[in-house]
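Engineer: sequence first, then the predicted structure, then my questions.
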Amino acid sequence: METSSLHWIDIVIIVASIILALCVGFYFSRNQKTTDTYFAANGNIPSWAVGMSMFATIISSVTFLAYPGNAYAGNWILLVQGLMVPIVLVCLIGFIVPLYRKVIRLSTYEYFERRFGPFARLYSSFAFVLEHFSKMGTILYLLALAMAMFVGGMDIRWVIVIIGVVVIVMTFFGGMEAIIWMDVIQGFLLIIGGLLAVGILFYLTDGGPAEIFRIAGEYKKIDFGPYDMDLTHLTFLVMVLNGIFYALQKYGTDQSIVQRYLTARDDRSAKRASYLGIFLSVPTWALFMFVGTCLFAYYHINSGVLPDGIKSDEVFPYFIATEMPVGITGLILAALIAGAISSIDADINCISAIVVEDYYGRFRKNVSDKQKMKVGRWAVIVTGLGAICCALLYVAWGGEGVLGTLFGLYAILSAGIVGIFLLGLFSRRANWQGLYIGIAAAILYTAYAVLTSTKYGDGMILDLGDWNFTHHKYMLGVYSHLIVLVVGYVASLFFHTPLADKELTIYGYLEEKKKKK
């Protein structure tokens, strides 16, 4: 792949954006005296800022690269997942937000313990940590690959280390307050970067927007198909089902989002923030899909020559390197880096919160808040270094192996998190005995599915012939959640236990709402 040297103006813009992140961290460091402030900004952030922070956390640099790449190579089918989120939110966010703000102090998984006991808390929190370590490593690695086109021979390991250290320093000193306000800036950068890319593609493409839309229509680039009733391939139906459970997992069980609920001033502000976050995310996902569509039209109409062997995810960075004017290149790369920082800083803070609340504070009683703060700061450093190491391992393995193993391990160990949440939310009869049976069934099923669908040599790791798991990999998460939900509920009926506290289920919310009428 060819590389392109950055103009000094672009370098200044990029360096300025990185320095800004460090300055924001140092600015807010003077307020970080307690764990409430460090992890939840003392519940004093305006709703619009919390919403922007949610948006910036969800829209990472993976979106910046993967969405244009997928739209360039295919169509907009991946956007279907995002389109499901507002539908699910409208139905559940009114209850989820006040529930968490009432029953937990900091960790999402405290609710799981109150509902089903300590194992449910440890299981779900460990799954979150495992997933987000792999996510942080992926983001750093993809960012380094993209930046390698612009830094003329610089080892991508240095890109990973530099960005990783910047995130660690900002998060260590500034806490959640710095993260949120930096996310606000980074969120605007992401939107501006996408709009600039579309505007320049409109300008450079012969025939302009009209010709781009004509080509997009001719080649069905703005499409969500195939629409077959088929679960073995990537179809509209697969993405609808996957999107429903993605929304439930992200807004109902993900610490990086739930922790944002706690930073808002009251329940109403937290709800507004949630709606703002997702209603900004969906158009932005669509924007970056459209960037990919425009790139396809540009290289088709203008007969642009792409390097041999270029991957679809590399087309957008290549366009930035070869076609963008000076200054605009710097702004878009700053937006790309911002996308990485805004996701990784949130994950580091959230994992350190889990370390403090779900492990240190739970197993060491009567510790002071000062001690928790000390452990939390150390957890930020260790988590950040772990993310850097994860990305470096990915480089060492050539992008294969390490994170593939982590994703597979996460798929097995985190089986059914949404099922746990739904079971606790909608059934007072569900108990810890039944849930644990449901989790065991989901883990066994997920292990079977992973082993019989993962290639090894000329076959599968475990080849059962016609009994192999043949559905699309996105369906695995759907099935595991459903198994926990169904098996957990049925198994609970065999154990006679008191009904769960109404306040921990949707029935308490409905009863309280009825009284207010």
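Structural biologist: Perfect, thanks for sending it. Residues are numbered from 1 along each chain as shown.

Engineer: and for Arg101, the neighbour number?
Structural biologist: Residues near Arg101, counting by other CB atoms under 10 Å, number 16. C-beta coordinates here come from the backbone N, C-alpha and C atoms, glycine included.

Engineer: show me where the chain has strands.
Structural biologist: Ranges of strands within the chain are 455-456, 459-460, based on DSSP state E.

Engineer: got TSV for those strands, with mean neighbour count too?
Structural biologist: As requested, these are exported to TSV (neighbours: other CB atoms under 10 Å):
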stretch	mean neighbour count
strand 455-456	10
strand 459-460	14
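
Engineer: ranking these by mean pLDDT, which is last?
Structural biologist: Between those, the one with the least mean pLDDT is strand 455-456; it has a mean of 82.

Engineer: how about the contacts made by Val169?
Structural biologist: Neighbouring residues of Val169 by CB atoms under 8 Å, 6 or more residues apart in numbering: Leu22, Gly25.

Engineer: how much space separates it from Gly199?
Structural biologist: Val169 is 34 Å from Gly199, where distance means CB to CB, to the nearest Å.

Engineer: can I get the strands of the chain in CSV with distance to Ile417?
Structural biologist: Converted to CSV, these look like this (distance: least, CB to CB, whole Å):
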stretch, distance to Ile417
strand 455-456, 27
strand 459-460, 26
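
Engineer: for Pro226, find the nearest of those.
Structural biologist: Nearest to Pro226 among those is strand 455-456; the distance by CB to CB comes to 23.5 Å.

Engineer: okay, now the sheet partners of the closest one, with direction.
Structural biologist: Sheet pairing of strand 455-456 (DSSP bridges) gives strand 459-460 (antiparallel).

Engineer: run a quick neighbour tally on Tyr27.
Structural biologist: 14.

Engineer: number of residues surrounding Gly309?
Structural biologist: Gly309 - counted by other CB under 10 Å - has 7 other residues nearby.

Engineer: repeat that for Glu503.
Structural biologist: Using other CB under 10 Å, Glu503 has 14 other residues around it.

Engineer: next one, pLDDT for it please.
Structural biologist: Reading off the model, Glu503 has pLDDT 89.

Engineer: which helix or strand in the chain has the lowest average pLDDT?
Structural biologist: When the helices and strands of the chain are scored by mean pLDDT, DSSP states H and E, helix 402-413 comes last with a mean of 48.

Engineer: among the strands of the chain, which is nearest Ile77?
Structural biologist: Shortest distance between Ile77 and the strands of the chain, using CB to CB, is found for strand 455-456: 23.4 Å.

Engineer: now the closest one: how far from the chain's centre is it?
Structural biologist: The chain centroid and the centroid of strand 455-456 are separated by 28 Å under CA atoms, centre = their mean, to the nearest Å.

Engineer: one more: stretch 260-267?
Structural biologist: How far stretch 260-267 lies from its chain's middle: 20 Å, per CA atoms, centre = their mean.

Engineer: same deal with stretch 325-339?
Structural biologist: That offset, for stretch 325-339, works out to 22 Å (CA atoms, centre = their mean).

Engineer: buried residues, it. List them.
Structural biologist: Ile328, Thr329, Gly330, Leu331, Ile332, Leu333, Ala334, Ala335, Leu336, Ile337, Ala338, Gly339 (16 or more other CB atoms under 10 Å).

Engineer: tell me how far the closest residue to Asp228 other than its chain neighbours lies from Asp466.
Structural biologist: Excluding its sequence neighbours, the residue lying closest to Asp228 (CB to CB, 6 or more residues apart in numbering) is Thr235, at 5.3 Å. Per CB to CB, Thr235 is found 22 Å from Asp466.

Engineer: neighbour count: those two, which is higher?
Structural biologist: More crowded of Thr235 and Asp466, by other CB under 10 Å: Thr235, with 21 against 5.

Engineer: residues in contact with the more buried one?
Structural biologist: Ile77, Gly225, Pro226, Tyr227, Asp228, Met229, His472.

Engineer: and it, its phi and psi?
Structural biologist: The phi/psi pair for Thr235 (degrees, to the nearest 10) reads phi -120, psi 170.

Engineer: from Asn242, how far off is it?
Structural biologist: Relative to Asn242, Thr235 is positioned 10 Å away (CB to CB).

Engineer: where do the helices sit along the stretch 251-400 of the chain?
Structural biologist: With helices called from DSSP state H, counting those that start in this stretch, the stretch 251-400 of the chain shows them at 255-263, 267-301, 312-323, 328-354, 361-363, 369-396.

Engineer: relative to helix 255-263, how tilted is the longest one?
Structural biologist: This points to helix 267-301. Helix 267-301 and helix 255-263 are oriented at 140 degrees to each other (axes from the mean of the first three to the mean of the last three CA atoms, to 10 degrees).

Engineer: tell me which residues in helix 267-301 are buried?
Structural biologist: Buried residues in helix 267-301, counted by 16+ other CB under 10 Å: 267, 269-278, 280-282, 284-301.

Engineer: try stretch 355-374
Structural biologist: Val355, Val356, Glu357, Asp358, Tyr359, Tyr360, Gly361, Arg362, Lys372, Met373.

Engineer: how about these in CSV, adding distance to Tyr436 and pLDDT?
Structural biologist: Output for the buried residues of stretch 355-374, formatted as CSV (distance: CB to CB, whole Å; pLDDT from 0 to 100):
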residue, distance to Tyr436, pLDDT
Val355, 24, 93
Val356, 26, 93
Glu357, 22, 91
Asp358, 18, 91
Tyr359, 20, 91
Tyr360, 25, 91
Gly361, 24, 85
Arg362, 19, 82
Lys372, 29, 92
Met373, 34, 93
